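Peer 1: Quick one: sequence and predicted model below, then my questions.
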Amino acid sequence: MNSTVPAILIGLLAGTHTSSWGMYKDAPHEGFTLPKYSRSIIVAALAAFILSRIVDLNLGWASHLSLFFGLVYAAERLTLELWKSFLREEDQSKYFIPMQFGVLGKPIKSRAVRWSVLAAILVLLVVLLYLANWLMKTYPDANPWLVLITVGSIGGWLTAFGGAWKDAPVEGFETFKFFRSPMVALTWAVIMSFFTTNWIYIAVAGAGYSVASIETYKTFFFPNKPRGKFAGKPILFPKILEQRRIVAVLYACIWVVIIALLVLGFTGPREGLLP
């Protein structure tokens, strides 16, 4: 039976990680509010609670805690990105790249159209999960590297196509940016494959870690470069440029915990697709 306490703790860790890079980049442009900072933390904690009732993991193992972090991260990101794109009603004029679903960079105002597209995406995700599960049960002895290159990197490809659909019409298509997510997701899928034999867990957790890694790279390796959605927009809250350093320290501490869990995962009990 899964343990609720470690699951919730991992959810809080994943949510705080997401909230921190989001605040670091966005707050100088749109200000800091506690409800907004808490949003990802609450969603991730709820996702962790629900997932702990669904997945078959031993959260007493560091390897499975590491895997669970990736699963929760992916669930939180998917939930909030779908909400921002298809359900949230917000003035898009403050963004350089609209966050709401659009075509050729133009937001779609019709709720019926947005909700229909959202329904189609959810159906697609269910079909992909069903197909991956069917392949896993039908071909249990499939070559692990073939599994990783195909199923393992699928989350990165979905992220790449989704990002290109939203960003490319406004800022142009960038080859490196497009292939970055699949390559990083594949790298993390390889790492996750040492911790589980479940193809779906590997793909979803790999996608979660991929987002965490890429956002860290974009946010903290280029701290003075605004996120694409705020490119060219003025900094309205300059004091936050200094205050956000506190969040950067917290963010670094979370990465230390993540890396420690990964190391303990490799040195402790584990059962993986790769030995």
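Peer 2: Happy to help now that I have it.

Peer 1: you'd agree F222 is in a strand?
Peer 2: No: for F222, which was evaluated using DSSP: H, G, I helix; E, B strand; the rest coil, the result is coil, with no strand membership.

Peer 1: Contacts only, for it.
Peer 2: Applying C-beta atoms under 8 Å, 6 or more residues apart in numbering to F222 gives no contacts. C-beta here means a position set from N, CA and C on the backbone, and glycine is covered the same way.

Peer 1: Dihedrals phi and psi, it?
Peer 2: Torsion angles at F222 (phi, psi; degrees, to the nearest 10) stand at phi -130, psi 70.

Peer 1: try the one 3 residues further on
Peer 2: When quoted as degrees, to the nearest 10, the phi and psi of K225 stand at phi -100, psi 120.

Peer 1: Just give me the neighbour total for it.
Peer 2: The number of residues packed near K225 is 12, by other C-beta atoms under 10 Å.

Peer 1: Could you grab the helix/strand/coil label for the nearest residue to it once chain neighbours are set aside?
Peer 2: Nearest residue to K225 in three dimensions, chain neighbours excluded: K218, at 8.0 Å (C-beta to C-beta, 6 or more residues apart in numbering). Under the three-state scheme (three-state DSSP), K218 adopts helix.

Peer 1: what separates F194 from P275, distance-wise?
Peer 2: Applying C-beta to C-beta, to the nearest Å, the value for F194 to P275 is 8 Å.

Peer 1: Thought R227 was touching the residue nearest to K225, still the case?
Peer 2: Yes: using C-beta atoms under 8 Å, K218 is in contact with R227, at 7.2 Å.

Peer 1: returning to that earlier point: of F194 and P275, who's got more company?
Peer 2: Taking other C-beta under 10 Å, F194 and P275 do not tie; F194 has more neighbours (19 against 8).

Peer 1: check contacts around that one.
Peer 2: With the criterion set at C-beta under 8 Å, 6+ apart, F194 makes contact with S63, G265, F266, R270, G272, L273, L274, P275.

Peer 1: Tell me how far A160 lies from A205.
Peer 2: A160 is 18 Å from A205, where distance means C-beta to C-beta.

Peer 1: neighbour-wise, which of these two wins?
Peer 2: The residue with more neighbours, out of A160 and A205, is A205; 30 against 19, by other C-beta under 10 Å.

Peer 1: Excluding chain neighbours, give the residue nearest to that one in space.
Peer 2: Nearest one to A205, counting by C-beta to C-beta, 6+ apart, is G70 at 2.8 Å.

Peer 1: pLDDT score assigned to P234?
Peer 2: pLDDT, P234: 85.

Peer 1: actually N2, sorry about that
Peer 2: Looking at N2, its pLDDT reads 56.

Peer 1: gap between the closest residue to S85 other than its chain neighbours and W255?
Peer 2: Nearest non-adjacent residue to S85, counting by C-beta to C-beta, 6+ apart: F101, 4.5 Å away. Distance from F101 to W255, counting by C-beta to C-beta: 32 Å.

Peer 1: neighbour-wise, which of these two wins?
Peer 2: Neighbours were counted for F101 and for W255 using other C-beta under 10 Å; F101 has more, 21 against 14.

Peer 1: which ones are touching that one?
Peer 2: By C-beta under 8 Å, 6+ apart, F101 lies in contact with S85, F86, P107, I108, R114, V117, L118, K166.

Peer 1: If we use 10 Å, what do you get?
Peer 2: 82, 84-87, 107-108, 113-115, 117-118, 121, 162, 165-166 (C-beta atoms under 10 Å, 6 or more residues apart in numbering).

Peer 1: joint contacts of K218 and R227?
Peer 2: W21, K25.

Peer 1: In this structure E90 contacts K229, no?
Peer 2: No: counting by C-beta atoms under 10 Å, E90 stays clear of K229, with 11.7 Å between them.

Peer 1: Identify the contacts common to those two.
Peer 2: P98, M99.

Peer 1: These two: who's more crowded?
Peer 2: More crowded of E90 and K229, by other C-beta under 10 Å: K229, with 19 against 12.

Peer 1: For the stretch 101-250 of the chain, which segments are assigned as strands?
Peer 2: 102-103, 106-107 (DSSP state E, counting those that start in this stretch).
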